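> Need the 3D shape of this:
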Amino acid sequence: MARRLRFALSAVALGLFAQTGPLGADVAKITQFPMAIICEFSGIEHVFYLSKLQTDGVAVYQRPDGVLGTISLSGPSAVMGGDGQAKGSCGGKTLEELRAAGQAVEFK
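Here you go, the predicted model:
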């Protein structure tokens, strides 16, 4: 019984995701960005996780505490919210620079 219930719930969840999935055909676009970016601020390492890809091609990254950052495929990164952390190890770097510095965690 429990096995059937799990299968039924999985089937429903897959059906809902297929209909309302946030990425749909845009999976290839979003995987051009790293899954996460690691930045150092004042001696502390912070991880920004990919949160969304906006229609203008800008990726939004978010720390678990809610601080946001943005980056595009060709432009520099920026911390949103003006909390002065843009001077950390990620501020103003491009994706290419973040990858070269080992600060990008890629999708596998």
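
> Could I have the CA atoms of the lengthiest strand in the chain written out in PDB?
As assigned by DSSP state E, the longest strand anywhere in the chain is strand 44-53. In PDB, the C-alpha atoms belonging to strand 44-53 read as follows (Å, rounded to 0.1, in the frame of the first residue of the first chain):
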ATOM      1  CA  ILE A  44      34.100  34.500   5.900                       C
ATOM      2  CA  GLU A  45      33.100  32.200   2.900                       C
ATOM      3  CA  HIS A  46      29.600  32.700   1.700                       C
ATOM      4  CA  VAL A  47      27.700  30.500  -0.900                       C
ATOM      5  CA  PHE A  48      25.300  32.200  -3.300                       C
ATOM      6  CA  TYR A  49      22.900  29.600  -4.900                       C
ATOM      7  CA  LEU A  50      21.400  30.100  -8.300                       C
ATOM      8  CA  SER A  51      17.800  31.200  -7.600                       C
ATOM      9  CA  LYS A  52      16.400  32.300 -11.000                       C
ATOM     10  CA  LEU A  53      17.200  33.400 -14.500                       C
END
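
> Packing partners of the next helix-or-strand element following that strand?
Sequence order places strand 59-62 as the next helix or strand after strand 44-53, per DSSP states H and E. Using 3 or more Cβ pairs under 8 Å, 6 or more residues apart in numbering; DSSP states H and E, the elements in contact with strand 59-62 are strand 44-53, strand 68-71. Backbone N, C-alpha and C define where each C-beta goes, glycine included.

> who does the shortest one touch, helix- and strand-wise?
Applying 3+ Cβ pairs under 8 Å, 6+ apart, one finds that strand 68-71 contacts strand 36-41, strand 59-62, strand 78-80.

> Apply 6 Å and report the result again.
Helices and strands touching strand 68-71, by 3 or more Cβ pairs under 6 Å, 6 or more residues apart in numbering; DSSP states H and E, are strand 59-62, strand 78-80.

> Turn these into JSON lines, columns for mean neighbour count, mean pLDDT and distance to residue 53.
Shown next, in JSON lines, are the helices and strands packed on strand 68-71 (neighbours: other Cβ atoms under 10 Å; pLDDT from 0 to 100; distance: least, Cβ to Cβ, whole Å):
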{"stretch": "strand 59-62", "mean neighbour count": "20", "mean pLDDT": "95", "distance to residue 53": "5"}
{"stretch": "strand 78-80", "mean neighbour count": "17", "mean pLDDT": "79", "distance to residue 53": "15"}
